[in-house]
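[1] Fold the following, please.
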Amino acid sequence: MKIESPSLHPAISLLFFGLCLALAPVAQGQVAPKPASAPGEDEAVKLKEFVVTDSEDVGYSTPNAIGVGRFPTALIDTPQTINVINRQFMDDFQAGELFDVLQYVAAVSIESNVGDSVQIRGYTVRDQYTDGVVDNQNQSQMGAEPFQFERIEVMKGPSALVYGSTAIGGVTNRVRKTPQWKPKGEIGLTIGNYNQIKLDYDYTQALSRNLAGRIVASYRNEDIVNNTAAKFAYARRYNLNPMLTYRISPTTQVRLAGEFLHEKSFKHWGEVGMFRPFTPIKGYTVVPFGLTLAQGGFTSWGLLPRDFTFSEQQAHVRNDKQAGSIYFETQPAKDLMVRVFGTASFWDHFVEDVIPTGMAANNVDMVRTWRTIGNDDLYVTTGLDSSYLLKLPSQEHRLLFVAQYTARRNWQEIVQDLANPIPALNIFNPIHALYIPKTPARTNYQFINANNHNFAAQDHAKFLGDRFQIVGGARFDKYNTRTDNVLTKVNGRTNFGDAWTYKYGAIIKPTKAASLFYNHSETYAPNFGSQPDGTIFKPQLGVIEEFGLKLAVLDGRISGTISTYNLQLQNLLTSDPDPIRAAAGWRLQIAKQETKGLEADVFFNVTRDWSFNVGGAKMDVTLPSGLYPRGSPRSTGNFNTRYKFSMADGPLAFLKGVSVGAGISHKGPAPVDALSSYYLPKYTVGAVFANYAWRKYRFALNVNNVTDKWYLARAVSKEQVFQGGDRVIKFRVTRVF
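    Numbering: from 1, shown residues only. Purely as a prediction, here's the structure:
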């Protein structure tokens, strides 16, 4: 069954069809000659305040980020922990999915079987952002395409002043590639085991004196899902990103960006199941490997083939995306920058699921359910960002103003065959067969209408040069949402509310190369519903108190952040202790959960050719129930290194142009469910790479999970636990032009 929703997405496609036509000669290799009057490279970057580049990067370390305040800001002058993954790192580790590189960020772990669904400091990140604006792609099993981005910025802790209601632990902002005025191109081919093949194309140039274009495109085909070679696994995707920049004047430009995506992959729901009957342990007990129930085991881990799946061959997920953005960027005065933007994104999601729901009493048969889910999701966002640098004799103030309006329209349909359940699967003697529903019927069909408008202001003041800095700001949000049951024709109640959130902090710089910072930052999450008397609940409030040290020593040769924090989520709902009032629906907002943590992430550029990065995090989380949050490792750690052979002579001269490196990611034990029934074992996996640059060609070999370790990476529930990726080998050839 197909959801009957308004066909607004063709308009988005037509809006950017002209971009594809404008850049078609480039895509076919017919590069138009650069006009004699075209602006030079220096002239073309007069609006560099609106972008970040890798020109100041030192190896894997980056000195600035754009996501924290909309415009490039030096990390050492930012009172917040921020990790940046640059293009060099993504290229070296050949990221097929964003988690391939996000796993090397301290306190970040994968949350479920959805590609971009990660946890930061123990909290799930639901909304993803591109260029500071929410990106409607949160149901993709494969996640966003890394090749289209220049960098990934991970901002730790609440960030409501810029990002509003979102994850408490942090957000990720993906910075896309943009048109350049100097011709530049790259074409790449990747092949590997499990029938991997990937094609990438990236080209940009000036099309006229005031117009530059860029096309970034990828095609991917492989017989794995999330790097796992489960039975029936496959993944197919193409992604096209046309972009234009039109220079109205040296200080004003308009940028257009589009994205067209189609993907289809096998929908798997894990390879490990919980034996029953089973009493939750509620302790720090790690799941055993390869033990039967009689031997004291309580899962099927180690007893089933590595490629085992509870799903069926017919299970799949399909996504289509059409999105467009327009940015008007101007610098009307030397110290004033203004950006006005609008984005529209349509996401069509369909999944046919075969889901394990639990073991039968015989501890042999896995009970499963069949369903299809359809989602049509439309996001429209408009906004304005402005930054003004006010210089006074003894101080300066960077004033930031942000205003946004976001509207979301979502149609969701669920179809099931409750009268004819799918047969249970004998996990020790599985017989997979096509399931044909006999009486499929809608069990849910709903429409969600959600709106939010907000404004925020912040002042970043510097005194004594920049030795002492103070940051302070506030944000106001007003939101409403309503869910209508289209199936029963019953309209829901409109839930609405508003929230003020605040941010303040300080920086002390004893030297230009080090800063001590304090950060108080907040975010909110709506508590929809009300008390029986109609009283509206206050929104949940996330509050962080963070102290840290930032380094940028020896021109960035040693850089990074060491921090400690206390993160609280307040205004959680709990039942009224009076049983009579609780039965009547009364609830209290007194519960809270607390996270205390330590983090470190430091880059060492020992020589021009050798660098390494060391990071780690330790968390202690207390929920109102006294349990530890699902899927959140108590500790994480990472190590990365890269060495480039650049000597021109000597016995190793033949290695000139070769670079080698490795990465190690460690995740501590993590509970499988909200009851902390048991813990997944800790694991450590590594990757290695070797690159060779010759003239305009680059040859790259990458091996993920180099030891082919068999480990458990994440869980959705105690019946749905996912193995980590297999050993995945990639060989890539790239030509730049």
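
[2] Please list all residues in contact with the residue nearest the centre of the chain.
    Most central in the chain under Cα atoms, centre = their mean is Asp116, positioned 4.5 Å from the mean C-alpha point. Residues near Asp116 by Cβ atoms under 8 Å, 6 or more residues apart in numbering: 98-99, 125, 128, 137-138, 140, 143-144, 172. Heads up, the C-betas are built off the backbone N, CA and C, glycines and all.

[3] Flag the shaky bits of the stretch 151-300 of the chain, pLDDT-wise.
    For the stretch 151-300 of the chain, the stretches with pLDDT under 70 are 276-283.

[4] just checking, Leu655 touches Tyr643?
    No. With contact defined as Cβ atoms under 8 Å, Leu655 and Tyr643 do not form a contacting pair (10.2 Å).

[5] need the strands for the stretch 201-350 of the chain, in chain order.
    Counting by DSSP state E, counting those that start in this stretch, one finds strands in the stretch 201-350 of the chain at the ranges 211-222, 235-249, 252-266, 316-333, 336-359.

[6] Reformat these as TSV; add mean neighbour count and distance to Gly492.
    As requested, the strands of the stretch 201-350 of the chain are exported to TSV (neighbours: other Cβ atoms under 10 Å; distance: least, Cβ to Cβ, whole Å):
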stretch	mean neighbour count	distance to Gly492
strand 211-222	21	39
strand 235-249	20	35
strand 252-266	21	31
strand 316-333	19	27
strand 336-359	20	22
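
[7] can you tell which of these is closest to Val672?
    Closest of the strands of the stretch 201-350 of the chain to Val672 is strand 336-359, at 13.4 Å (criterion: Cβ to Cβ).

[8] who does the closest one pair up with?
    In the sheet, strand 336-359 lines up against strand 316-333 (antiparallel), strand 365-392 (antiparallel) (DSSP bridges).

[9] Just to be sure, which of the contacts of Asp116 are found in strands?
    Those of those mapping onto strands are 128, 172, per DSSP state E.

[10] for the stretch 1-150 of the chain, what spans make up the helices?
    Here the stretch 1-150 of the chain has its helices, by DSSP state H, counting those that start in this stretch, at 9-22, 24-27, 41-44, 87-92, 99-102.

[11] which stretches of the chain have low pLDDT?
    Judged by pLDDT under 70, the stretches of the chain that qualify are 1-58, 68-70, 113-115, 138, 276-283, 625-626, 648-649.

[12] Now with 50, please.
    Confidence mapping of the chain against pLDDT under 50 gives the ranges 1-45.

[13] can you pull the contacts of Phe289?
    Phe289 makes contacts with 301-302, 681, as judged by Cβ under 8 Å, 6+ apart.

[14] redo that, cut-off 10 Å
    By Cβ atoms under 10 Å, 6 or more residues apart in numbering, Phe289 lies in contact with 297, 299, 301-303, 681, 710-712.

[15] In JSON lines, list those residues along with distance to Gly615 and neighbour count.
    Converted to JSON lines, these look like this (distance: Cβ to Cβ, whole Å; neighbours: other Cβ atoms under 10 Å):
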{"residue": "Gly297", "distance to Gly615": "34", "neighbour count": "17"}
{"residue": "Thr299", "distance to Gly615": "31", "neighbour count": "26"}
{"residue": "Trp301", "distance to Gly615": "28", "neighbour count": "23"}
{"residue": "Gly302", "distance to Gly615": "31", "neighbour count": "15"}
{"residue": "Leu303", "distance to Gly615": "35", "neighbour count": "18"}
{"residue": "Pro681", "distance to Gly615": "21", "neighbour count": "16"}
{"residue": "Trp710", "distance to Gly615": "25", "neighbour count": "14"}
{"residue": "Tyr711", "distance to Gly615": "20", "neighbour count": "17"}
{"residue": "Leu712", "distance to Gly615": "22", "neighbour count": "25"}
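
[16] Which two of the residues you listed have the greatest separation?
    Taking Cβ to Cβ, the two most distant members of the contacts of Phe289 are Gly297 and Tyr711; they sit 16.9 Å apart.

[17] quick one on the thing from earlier: tell me the one of the contacts of Phe289 nearest Ala433?
    So of those, ranked by how close each gets to Ala433 (Cβ to Cβ), first place is Leu303, at 22.4 Å.

[18] number of nearby residues for Asp555?
    Per other Cβ atoms under 10 Å, the neighbour tally for Asp555 reads 12.

[19] Quick check, it in contact with Ala513.
    Yes. In this structure Asp555 lies within contact range of Ala513 using Cβ atoms under 10 Å: 8.6 Å.

[20] burial count for Gly725?
    25.

[21] What segments of the stretch 551-700 of the chain are helices?
    Residue ranges of the helices in the stretch 551-700 of the chain, as given by DSSP H, counting those that start in this stretch, are 579-583.

[22] Any chance of a markdown table for the strands paired with strand 336-359, columns distance to Ser61?
    A markdown table is the format used below for the strands paired with strand 336-359 (distance: least, Cβ to Cβ, whole Å):
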| stretch | distance to Ser61 |
| --- | --- |
| strand 316-333 | 27 |
| strand 365-392 | 25 |
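
[23] which one of those strands lies closest to Ala461?
    With Cβ to Cβ as the yardstick, what comes closest out of these is strand 365-392 (9.1 Å).

[24] Quick check: buried residues in the closest one?
    For strand 365-392, the neighbour count (16 or more other Cβ atoms under 10 Å) marks 365-368, 370-383, 385-387 as buried.

[25] Toward the C-terminus, what is the element adjacent to it?
    strand 395-416 (DSSP states H and E).

[26] What strands line up against that following strand, and which way round?
    Strand 395-416 is paired, per DSSP bridges, with strand 365-392 (antiparallel), strand 441-463 (antiparallel).

[27] out of those strands, nearest to Ile664?
    Checking those against Ile664 by Cβ to Cβ gives strand 365-392 as the closest, at 34.7 Å.

[28] Tell me the gap between that closest one and the middle of its chain.
    On the basis of Cα atoms, centre = their mean, to the nearest Å, strand 365-392 sits 11 Å off its chain's mean C-alpha point.

[29] Thanks a lot, see you next time.
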